[in-house]
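[1] Model the structure of this input:
(chains A and B)
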Amino acid sequence: MDIIFLDTTIQADKFLSDKEKKENIRRILNGKRAISSTYILGEFKSTFLKDATALYNLINDCEEVGDAVIRFERYYKSRIVSRMAKLFGNLLKECANDKQEILDRLEIYIEDMLVKRFFHSIDKVLIDNTKCIRSYAKPMKKDNVWTIDVSCRQNPQPKCNICSFLLKDKKVDLKKLTNLSDEQVKVRSVIKEIIKGDSLPYGNNCRTLGDTIIVLEAPDDSLIFTTNKKDFTPLCKILNKNLL
Amino acid sequence: MKLVKKIPYIGTDYAFESAGLDKLGKLDYIEKLLTKQVEEKLKQRNKVEYVNKENAEILPQREVLLHKANTLLDRLRNEFDDLLNRLEIISLLKIVIHQIKSCADKNTEKYYYRACIIIHDSILHIKSEELTIKQVDTLQYLINKLKQKTIDKEEYYDIDTILVENNLDWVPALEVDN
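    All right, here's what the predicted structure looks like:
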């Protein structure tokens, strides 16, 4: 099997991790066809890109970088994913606390490189079953403030294809997932609600079903590549998908 | 004494008082102003200009720095086996690329400026003892790209790809827990 389906964690680890992990991923992907999806791009943008813009605005809002470090701890502890926190630490070290140098680099990540690196070494055409609206989000700069709209709510309903994908294309598979164990009780109950028609798969529900959607859209002949084996293994087992 | 004359005239203490400055604050303000002017004067006095041998024209700073970078790369290749010299040259090269970046305008020469940053940071991450001749060739190629007057988005993206493919990634290695 030569097709590898990269999830969000691997897409990030590809360039935002230690040297050993990066080399390991490169070695695994070497000579294989690597693919990903617009849903994964949307998830990537709403975590890493969103956090990079938040970090830029925080540093920009502080007179000195030291203040940003203090406020970073206070405001973003639960929000910024560990990679962005580590990146911030590295930028502080490498730019010798020079605010402008740090902002210049963050701007490179925001405007160019996060998305460019997402597409590095994968098929340029992404699987697009969900037509996830978050994947279209573009960072914008106005009055020296970076913003990116990665919002997705139940109301107003986003113009995506997730409802049709889950309830028409993948209804049989989705029903199988009502047998998930108690370890994934939250995912199981959202799936049951959606099948019953009590709830719609938008906003928080869509985010809760993130791993499920990724497994469902992975082609049958592909190997799913993730660092989150714990959550993916039961899903792959029930749906008879292959995990790398 | 000449410098003192250049202090802008502030007629009465009123201006300082309205700015919330007492006498000490006023002295502090004047001292800062003087220091800045002295630094500026010294900078101008110490400025070295390079001249083209052929036509006696003053060379732009960027051109001089690119020449320096190339000379350093030639040295790097010639003295590659000397680990101590390799370390020294890499450190100097990093400074020169930073200076080239400083000559560029980040708004009008956005991608040139950013290309300098990513090349600089990739050099920053080099462990000189692990450097290969192939990587030296890559750096030479990229520094030659900086000789261009402008760099567009596509070329800047290419530079990123070349760096990654030659194990010269400018993105720092992060110790992350998954």
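[2] lowest-pLDDT helix or strand in chain A?
    helix A:65-76 (a mean of 76; mean pLDDT, DSSP states H and E).
[3] Would you map the helices across the chain?
    I'll assume chain A. A:8-13, A:19-29, A:38-44, A:50-61, A:65-76, A:82-94, A:99-108, A:114-119, A:162-164, A:171-176, A:185-196, A:203-208, A:210-217, A:229-239 (DSSP state H).
[4] My question was about chain B, not that one.
    B:2-5, B:14-18, B:23-46, B:61-78, B:83-103, B:110-124, B:133-145, B:153-165.
[5] possible to save those helices as a markdown table with mean pLDDT, distance to chain A and mean neighbour count?
    To be clear about C-beta, it is placed using only N, CA and C from the backbone, and glycine gets the same treatment. Formatted as a markdown table, those follow (pLDDT from 0 to 100; distance: least, C-beta to the nearest C-beta, whole Å; neighbours: other C-beta atoms under 10 Å in any protein chain shown):
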| stretch | mean pLDDT | distance to chain A | mean neighbour count |
| --- | --- | --- | --- |
| helix B:2-5 | 46 | 28 | 8 |
| helix B:14-18 | 61 | 23 | 12 |
| helix B:23-46 | 73 | 17 | 11 |
| helix B:61-78 | 91 | 18 | 17 |
| helix B:83-103 | 93 | 9 | 18 |
| helix B:110-124 | 95 | 6 | 23 |
| helix B:133-145 | 94 | 15 | 16 |
| helix B:153-165 | 94 | 6 | 17 |
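[6] Save those helices as JSON lines, and put in distance to A:T178 too.
    JSON lines is the format used below for the helices of chain B (distance: least, C-beta to C-beta, whole Å):
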{"stretch": "helix B:2-5", "distance to A:T178": "82"}
{"stretch": "helix B:14-18", "distance to A:T178": "73"}
{"stretch": "helix B:23-46", "distance to A:T178": "71"}
{"stretch": "helix B:61-78", "distance to A:T178": "63"}
{"stretch": "helix B:83-103", "distance to A:T178": "57"}
{"stretch": "helix B:110-124", "distance to A:T178": "49"}
{"stretch": "helix B:133-145", "distance to A:T178": "54"}
{"stretch": "helix B:153-165", "distance to A:T178": "43"}
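[7] of all those, which lies closest to A:F119?
    helix B:153-165 (10.3 Å; C-beta to C-beta).
[8] Just the angle for that closest one relative to helix A:99-108, thanks.
    100 degrees (axes from the mean of the first three to the mean of the last three C-alpha atoms, to 10 degrees).
[9] Those residues of chain A touching chain B, which are they?
    A:9, A:13, A:15-19, A:21-22, A:82-83, A:86-87, A:90-91, A:94, A:104-105, A:108, A:112-113, A:116-117, A:120, A:227-228 (C-beta under 8 Å from any C-beta of the partner chain).
[10] which helices and strands does the least confident helix or strand of chain A pack with?
    helix A:50-61, helix A:82-94 (3 or more C-beta pairs under 8 Å, 6 or more residues apart in numbering or on different chains; DSSP states H and E).
[11] Would you mind finding the most buried of the ones you listed?
    helix A:50-61 (a mean of 21; mean count of other C-beta atoms under 10 Å in any protein chain shown).
[12] From the chain's centroid, how far away is that one?
    Relative to its chain's centre, helix A:50-61 lies at 18 Å (C-alpha atoms, centre = their mean, to the nearest Å).
[13] Around A:S151, how many other residues sit close by?
    12 (other C-beta atoms under 10 Å in any protein chain shown).
[14] so how many other residues sit close to the residue nearest to A:E64 when sequence neighbours are not counted?
    Distances taken as C-beta to C-beta, 6 or more residues apart in numbering or on different chains put A:K99 closest to A:E64, at 6.9 Å, once the chain neighbours are dropped. A count of nearby residues for A:K99, using other C-beta under 10 Å, gives 17.
[15] A:K99 contacts A:D61, correct?
    No: assessed by C-beta atoms under 8 Å, A:K99 is found out of contact with A:D61, at 10.8 Å.
[16] hang on, the earlier thing: could you say which one of the helices of chain B comes nearest to A:L167?
    Using C-beta to C-beta, the helices of chain B put helix B:153-165 closest to A:L167, at 39.6 Å.
[17] then that closest one to CSV, C-alphas only?
    Only the C-alpha atoms of helix B:153-165 are listed here, as CSV (Å, rounded to 0.1, in the frame of the first residue of the first chain):
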residue,chain,number,x,y,z
LYS,B,153,6.9,35.3,-4.0
GLU,B,154,7.6,32.2,-6.1
GLU,B,155,11.4,32.6,-5.8
TYR,B,156,11.0,33.1,-2.1
TYR,B,157,9.0,29.9,-1.8
ASP,B,158,11.6,28.1,-3.9
ILE,B,159,14.3,29.3,-1.5
ASP,B,160,12.3,27.7,1.4
THR,B,161,11.9,24.5,-0.5
ILE,B,162,15.6,24.4,-1.4
LEU,B,163,16.5,25.0,2.3
VAL,B,164,14.2,22.2,3.5
GLU,B,165,15.4,19.7,0.8
